[in-house]
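Trainee: make a model of this:
(one chain, ligands or ions: 2)
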Amino acid sequence: MKKPILVLFIAFAILTNVKADNNPADRHKPGKNQPKNVILLIGDGMGLSHMYAAYTVAKDNIRMVQCPNIALVTTFSDSNYITDSAAAGTAIATGTKTTNGMIGMKPDKTPVKSVLKYAEDKGLATGLVATSSITHATPASFIANVESRKMLEEIARQFLETDIDVFIGGGYDNFTSRKDKLNLVDSLLVRDYTVVRSIPEMMEVNDGKLAALLYPEHAPKISEGRGDMLSLATSKAIELLSKNKKGFFLMVEGSQIDWGGHDNNLDYIISETLDFDKACAVALDFAARDGETLVIITADHETGGLSIPGGDLKAGKPEGKFSTGDHSAIPVPLYSDGPGSDQFHGFIDNTDIFRTMVNLLRLGGENE
Ligand code: MG
Ligand code: ZN
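Mentor: Ligands and ions are numbered 1, 2, ... in the order given. Sure, this is the predicted structure:
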């Protein structure tokens, strides 16, 4: 019995090898493993079930699952078995486990530097895009160092302490309607940012620094008229950042998948995940053309404890069942493509994402 199986295995190995060697589109050749650019896309709260519910509705036509490299990522924080988005964002952005609620700091409140700031210091262009306020926990983890994610006005102020090139999302009020009466939009203008408040205005910006604060607080749900904001913002950010010859780092967040999870609302989850996947497609299409861009698609944690106890793939109908109105401890999937994407495989920790990005971009950053 053993021999035929061995022969089959060898035949399979030879066949799959031949296939890889003959594939002219194979971008993972030796020597081509150093990305110039990294696009990190975070679906907040997007677990495996969230992806598969969207996959079922789209009848398998989603882009993130076409990535050749997949890993599973643990998400626990320093303080809790179940993380929040601040500690999870901090782990991904800085490689440091911290206390739930803290942004860009160790549990003892020592500030830690994010991959975005390491990239900035090496002369790369940097950007953030979100469908929440740009001061919300996930994007904030890449730009700010604060004790609490609730310090939205302080997070907005810390944008001015950086050299970030492009940021697009909500949160206009955190820059303008502040307790300290400062108007940070004026400060952005002084620092040569083009500041816009609408998508058509954003699309007309063709160079320089861009602050697109499109909503007073968060963007509306996709089901309530957000339109193509996320994919347009992703493509505009890539267009502007890719003018930098040294490369760029961009983080794009599908912020509201998490909110669908908290609401135990499967339709909200699916529409937000499909919209997020469109932004993933924009990034993957750019990476395929460019050949020097690593695309990483993951989540900061799972939300809702979602399972799929039934459904119909042909009809495109998943059935969802939630086990919590909060986050869960379930590890999240990570999908990646482009040079260096083979470094993301196996069972990894969210802090490994930071270390691998920093190594691949040769940023020389170490936070521990
Ligand atoms: Mg978030
Ligand atoms: Zn959440």
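Trainee: all helices for the stretch 1-150 of the chain, in order.
Mentor: Along the stretch 1-150 of the chain, counting by DSSP state H, counting those that start in this stretch, helices occupy 2-22, 48-57, 85-94, 115-121, 137-140.
Trainee: in the stretch 51-200 of the chain, which residue sits closest to ligand 1?
Mentor: Going by Cβ to the ion, ligand 1 is nearest to Thr138 of the stretch 51-200 of the chain, at 3.2 Å. Yep, even glycine has a C-beta here, placed from its N, CA and C like the rest.
Trainee: and that residue, what pLDDT?
Mentor: On the pLDDT scale, Thr138 is placed at 98.
Trainee: just Asn17 next, same as before
Mentor: Asn17 is given a pLDDT of 43.
Trainee: next, the angle helix 85-94 makes with the longest strand seen in the chain.
Mentor: Ranked by residue count under DSSP state E, the longest strand found in the chain is strand 125-133. Orientation check (axes from the mean of the first three to the mean of the last three Cα atoms, to 10 degrees): strand 125-133 against helix 85-94 gives 170 degrees.
Trainee: list the contacts of Asn206.
Mentor: By Cβ atoms under 8 Å, 6 or more residues apart in numbering, the residues touching Asn206 are 239-240.
Trainee: pLDDT score assigned to it?
Mentor: pLDDT at Asn206 comes out at 98.
Trainee: re the thing from before, the residue of the stretch 51-200 of the chain closest to ligand 1 and Val38, how far apart?
Mentor: As defined by Cβ to Cβ, to the nearest Å, Thr138 lies at a distance of 16 Å from Val38.
Trainee: Arg362 too?
Mentor: 11 Å.
Trainee: more neighbours: which of these two?
Mentor: Val38 (28 against 10; other Cβ atoms under 10 Å).
Trainee: show me what the lengthiest helix in the chain is packed against.
Mentor: Longest helix in the chain by number of residues (criterion: DSSP state H): helix 266-290. Secondary-structure packing of helix 266-290 (3 or more Cβ pairs under 8 Å, 6 or more residues apart in numbering; DSSP states H and E): strand 37-43, helix 48-57, strand 125-133, helix 229-241, strand 248-254, helix 257-262, strand 293-298, strand 317-321.
Trainee: tabulate the ones you listed (a markdown table), appending distance to ligand 1.
Mentor: Below are the helices and strands packed on helix 266-290 laid out as a markdown table (distance: least, Cβ to the ion, whole Å):
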| stretch | distance to ligand 1 |
| --- | --- |
| strand 37-43 | 7 |
| helix 48-57 | 14 |
| strand 125-133 | 6 |
| helix 229-241 | 13 |
| strand 248-254 | 6 |
| helix 257-262 | 6 |
| strand 293-298 | 12 |
| strand 317-321 | 21 |
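Trainee: any chance of CSV for the ones you listed, columns mean pLDDT and distance to Ile330?
Mentor: Formatted as CSV, these follow (pLDDT from 0 to 100; distance: least, Cβ to Cβ, whole Å):
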stretch, mean pLDDT, distance to Ile330
strand 37-43, 98, 14
helix 48-57, 98, 8
strand 125-133, 98, 22
helix 229-241, 98, 25
strand 248-254, 98, 18
helix 257-262, 98, 12
strand 293-298, 98, 13
strand 317-321, 98, 14
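Trainee: would you list those in JSON lines and tack on distance to Pro309?
Mentor: Converted to JSON lines, the helices and strands packed on helix 266-290 look like this (distance: least, Cβ to Cβ, whole Å):
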{"stretch": "strand 37-43", "distance to Pro309": "22"}
{"stretch": "helix 48-57", "distance to Pro309": "10"}
{"stretch": "strand 125-133", "distance to Pro309": "29"}
{"stretch": "helix 229-241", "distance to Pro309": "30"}
{"stretch": "strand 248-254", "distance to Pro309": "25"}
{"stretch": "helix 257-262", "distance to Pro309": "17"}
{"stretch": "strand 293-298", "distance to Pro309": "25"}
{"stretch": "strand 317-321", "distance to Pro309": "5"}
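Trainee: right, I'll leave it there.
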